[in-house]
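Asker: please find the sequence and the predicted model below.
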Amino acid sequence: MFGLFENKQGKALVAETLRTIEHADLLSAKDKNKVAKNVFTKIIKAINEIDGVPLGPKLDKIMQKQIQDATKQRQKQITAKEERNPKWIETALFESFLLMNCGKFGEKISKQSIIVGGWCRENMTQAELNKFEKKLPK
């Protein structure tokens, strides 16, 4: 984990995440649901990868790799549709979650990573959420 206090970069990250969520809210209900399920799946996978890894260089390395991979995926999804591209929104939301959650931008920003999961929850059915709950680490 990197830092304890919120910083300007962290605030900018949250603002960019909220902007991405605004674009996500403009998607069709079908696309919102698909994006939400895909992002939530990726979040659970990322959390499972770090679950139980003690604080230190190994955890930092895993989290940095997750962020690098997510950034590459987001960059691959840049098209003429820009922020109207559901795949770009999906990868951008996942990347934002990882960046906020890594601790680099402070504890306050880490706690705000829940806004991504919250958006996902709002755009999935209760039955879908119940399936995901079973996949979360205990």
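Answerer: Arrived safely.

Asker: any idea how far the longest helix along the chain is from the middle of the chain?
Answerer: Across the chain, the longest stretch assigned as helix under DSSP state H is helix 29-50. Relative to the chain's own centre, helix 29-50 is displaced by 8 Å; criterion: Cα atoms, centre = their mean, to the nearest Å.

Asker: which other residues reach it?
Answerer: Contacting residues not belonging to helix 29-50 are listed as 24-25, 27, 59, 62-63, 66, 70, 86, 89-90, 93-94, 97-98, 116-117, 119-125, 128, 132, 135-137 [Cβ atoms under 8 Å, 6 or more residues apart in numbering]. From N, CA and C alone the C-beta is placed, and that goes for glycine too.

Asker: buried ones among these?
Answerer: Neighbour-count burial (16 or more other Cβ atoms under 10 Å) is assigned, among the contacts of helix 29-50, to 24, 27, 59, 63, 66, 70, 86, 89-90, 93-94, 97-98, 116-117, 119-120, 123-124, 128, 132.

Asker: restricting to C-alpha, output stretch 74-86 in PDB.
Answerer: Extracted as PDB, the C-alpha positions of stretch 74-86 are listed here (Å, rounded to 0.1, in the frame of the first residue of the first chain):
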ATOM      1  CA  ARG A  74      -8.800   0.500 -21.500                       C
ATOM      2  CA  GLN A  75      -6.400   1.900 -24.100                       C
ATOM      3  CA  LYS A  76      -7.300  -0.900 -26.500                       C
ATOM      4  CA  GLN A  77     -10.900   0.000 -26.200                       C
ATOM      5  CA  ILE A  78     -10.500   3.600 -27.400                       C
ATOM      6  CA  THR A  79     -12.600   4.100 -30.500                       C
ATOM      7  CA  ALA A  80     -14.400   6.800 -32.400                       C
ATOM      8  CA  LYS A  81     -17.400   6.200 -30.000                       C
ATOM      9  CA  GLU A  82     -15.200   7.600 -27.200                       C
ATOM     10  CA  GLU A  83     -17.100   7.500 -23.900                       C
ATOM     11  CA  ARG A  84     -20.200   6.000 -25.600                       C
ATOM     12  CA  ASN A  85     -18.300   2.700 -26.100                       C
ATOM     13  CA  PRO A  86     -19.600   0.200 -23.400                       C
END
